[in-house]
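Peer 1: no sequence on hand, only this structure:
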């Protein structure tokens, strides 16, 4: 029994899939966290339906959670799965196209009865043949439901409660398959169920039985091991989702700036977790107003900004559309404001739980009048923290609304995050009017940077009237003078353009001496980087320029782009960043690779695309 | 830069900005502005601790004319902006200036929700029953059948009655004033400022250009005292030129009686209870219309309930007292973490 074969893997992709109520998200999270504790690189992605609870066992109700573990640097939650845990036939069917050749499918035989197959719309009695998986995958049947029932015999739970623990049986099995000691999983369960000893005891029992079941029955020819990663910089880490990281980035910025944080927001998928996270942080003095609509979300935030808070609003595409007029007011009033748009599939209600990068042009241009704002984008779950912090810093130091674009993929996905300390973060110095400043008015500004001076209600001697009407450049009084309007339009634009002086240069990753420059922005960094690295390993010369700052662009952007003969812009829309770059760098021919399917890129499709261009 | 040396107690002049007031000559808004500046002085809050927020419309220009901190925002959203201002900085005295279009059409949603939350702001709702700044279209309070530029054959819409809407949104304060009725206006507005919670003051104002005389029934000096009743908490509901008319209950309805006729004495007249939680009688009073009944001005409802902004503050204080997380670094320390 002990001489069982163990195969070492550099990285592995495990996908847990079942009904929305099967606890797949929890199972996946536990597995990824305990792997990270053992030293693996991790990246995860939940894929859940917009229905809260679709009818049991149906295709519409399948909820998945993918975990990618690595012993070297990994950038994405992975394309296809090495191991699929399918709690029912619907989960099998939905994921059948994303299992690797030679992959393993663990499935609950108790849920593969005729009636279950019918619910998942199978036409025959053998779903594996029907999906052509019998030949290409290794099937591990296990009666998870009945094993869980016998595991909890005598516990006195009703059947429904018992079956809710079958995800722990699956987790136990997976721990065995990947040589993961279950102690750490038990520790996590203690944290989760500490206040409900009955449930804790039951879940630990099922988890342990699942592990032993695999161990005793030799369910596979080999188990697997993904070694510790040695490429990760030393330090303390946790696993964090993009939405949580965004919320915490805002908190960190407020503390660094010495301001209270205010969030005005309205629930919208997939951005609501930012509000949830901030609503929890009353202990840090965060004020959250769940507004009556998206417009009140942003306008209450503008009010809070006027009154002297670091103010933010969080939303997704349809909400950003509703906030347009509010953003225009913040542009005109020159108030600091952070607008987070966790992009989802559009237009209209579109694909609320799926990912896209289709709001870029809306963020850049979706307002009346000449209305320049800072637009930036985070690229991984963990770096949402940094970019939420930077969005706040720029807003406060340059007195402007900043739109931070993230997306459903990085918002809900998780990655490893090196824990920061407040003292290590950059200073934030809002552009306050200096006490005793002569001749202050609402339009008074730093003549170099064009940044307006901020004065907070409650401060003596700085009373002023702000508003959405055009102001006289010199006196701050309302003005419709033609030449003054031109001057103010130019001033607001210069103020934004000037910010490029404060931004880090765009980096070239991969092979700097490349035949092909790949350009990306925002949440696609992981897939693009993986594809570029893989191409270069195969002897190609490919470079990646990935943008986090979009308006203004980093000051070296044009020079970097013009260095390469062949340039392709890859994005999850029909070519919005490419269109923007053409307006900024007209001399360059930008090729495009676009996908608008509500799904991230796959590394494989990118490699195929780059391969063709290099022929 | 406003470097006024304030005199304490303040005078109305301390609340005047340096801007030239640009409403049409004869506009009712002037009277409300003057009343407001007097009330602000009486209230005793310094100009720099006073914040005046508005949306869009004729009345929404008002913040430019008040010293201290003003914000002329976008159409309909003044209530939401004011909410943010008050939550962010509860020490400020926050006023929202709005009109019947700004507040009840485009801003209807924000209005009812700020009233429902009972955020501590003072809402001056300038009701002239018309859109002025866009030059004469009917508003949500325009009387049915009225001919305007956008209703050349008369409106077919039923108007809102602001009191009803305020009560429906569970408002804690409602008052009404008439632009030309300066003395009563000041009493009502000061009570609004002192009320903790959303104070809605319906200001009946005359638009001399597009809806001149809309409130003439009430405004004409000779008949005003017979057509208007000033309600004050704890006082009998007596009105009229001779001071001998009063309100009594007749079944479920109100009725006007004359003291000294048919055996009616002052003791039979109702006493106004603005602090009564039940809105039934207050609603009846607020909805009285001529010619059979007088129109009510003054404070109609004024009840005490926790305000939204103080509840937010209190919850933060409660959580902070219990939580181990005092700093950002404490928050980071709560993460499930491991060394790599």
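Peer 2: Yes, it's here. Since this is a predicted model, take the numbers as computed values, not measurements.

Peer 1: C-alpha only now, for contacts and for neighbours.
Peer 2: Will do.

Peer 1: show me where the stretch 1-150 of chain B has strands.
Peer 2: In the stretch 1-150 of chain B, the strands defined using DSSP state E, counting those that start in this stretch lie at B:50-54, B:69-72, B:93-99, B:122-127.

Peer 1: what's the domain layout of chain A?
Peer 2: What the record gives for chain A is the domain set A:5-226, A:238-424, A:508-614, from automatic domain parsing.

Peer 1: now the first one: average pLDDT?
Peer 2: Put plainly, it is domain A:5-226. Mean pLDDT, computed over domain A:5-226, is 92.

Peer 1: could you do the second one as well?
Peer 2: For domain A:238-424, mean pLDDT is 98.

Peer 1: returning to what we had before: return the most buried member of the domains of chain A.
Peer 2: A comparison of the domains of chain A by mean neighbour count, using mean count of other Cα atoms under 10 Å in any protein chain shown, puts domain A:238-424 on top with a mean of 25.

Peer 1: what's the end-to-end length of that domain?
Peer 2: One end of domain A:238-424 to the other measures 17 Å (Cα to Cα, to the nearest Å).

Peer 1: now that domain: how far from the chain's centre is it?
Peer 2: 13 Å (Cα atoms, centre = their mean, to the nearest Å).

Peer 1: wait, what's in contact with the spatially closest residue to residue B:185 that is not a sequence neighbour?
Peer 2: Once flanking residues are discounted, residue B:185 sits nearest to residue B:177: 5.1 Å by Cα to Cα, 6 or more residues apart in numbering or on different chains. By Cα atoms under 8 Å, 6 or more residues apart in numbering or on different chains, the contact set of residue B:177 is B:184-185, B:188, B:201-204, B:297-298.

Peer 1: just checking, residue A:167 touches residue A:25?
Peer 2: No: judged on Cα atoms under 8 Å, residue A:167 makes no contact with residue A:25 at a distance of 9.8 Å.

Peer 1: if we can go back for a sec, relative to strand B:122-127, how tilted is the host helix or strand of the residue nearest to residue B:185?
Peer 2: For residue B:177, the host element (DSSP states H and E) is strand B:173-178. Following axes from the mean of the first three to the mean of the last three Cα atoms, to 10 degrees, one obtains 40 degrees for the angle between strand B:173-178 and strand B:122-127.

Peer 1: after strand B:173-178, which helix or strand is next?
Peer 2: For strand B:173-178, the following helix or strand on the C-terminal side (DSSP H and E) is helix B:182-194.

Peer 1: elements contacting that following helix?
Peer 2: Applying 3 or more Cα pairs under 8 Å, 6 or more residues apart in numbering or on different chains; DSSP states H and E, we find helix B:182-194 packed against helix B:29-43, strand B:173-178, strand B:199-204, strand B:295-302.

Peer 1: show the subsequent helix or strand relative to the last one.
Peer 2: On the C-terminal side of strand B:295-302, the closest following helix or strand by DSSP H and E is helix B:308-322.

Peer 1: the helix or strand just after that following helix and chain A in contact?
Peer 2: Later in the chain than helix B:308-322, the nearest helix or strand by DSSP H and E is helix B:328-333. Yes: Helix B:328-333 is in contact with chain A by Cα under 8 Å from any Cα of the partner chain, via B:328-329, B:332.

Peer 1: what does the stretch 101-250 of chain A have sitting close to chain B?
Peer 2: Proximity of the stretch 101-250 of chain A to chain B (Cα under 8 Å from any Cα) is limited to residues A:232-238.

Peer 1: equivalent analysis for the stretch 451-600 of chain A, please.
Peer 2: Proximity of the stretch 451-600 of chain A to chain B (Cα under 8 Å from any Cα) is limited to residues A:457-469.

Peer 1: can you pull up the most central residue in the chain?
Peer 2: Just going to use chain A. Most central in chain A under Cα atoms, centre = their mean is residue A:410, positioned 1.4 Å from the mean C-alpha point.

Peer 1: sorry, should have said chain B
Peer 2: The centroid of chain B falls nearest to residue B:201 when counting by Cα atoms, centre = their mean (2.0 Å).

Peer 1: mind listing what it touches?
Peer 2: Residues counted as contacts of residue B:201 (Cα under 8 Å, 6+ apart) are B:122-125, B:174-177, B:188-189, B:192.

Peer 1: of these, which is the most crowded?
Peer 2: Counting neighbours by other Cα atoms under 10 Å in any protein chain shown, residue B:123 leads these with 32 neighbours.
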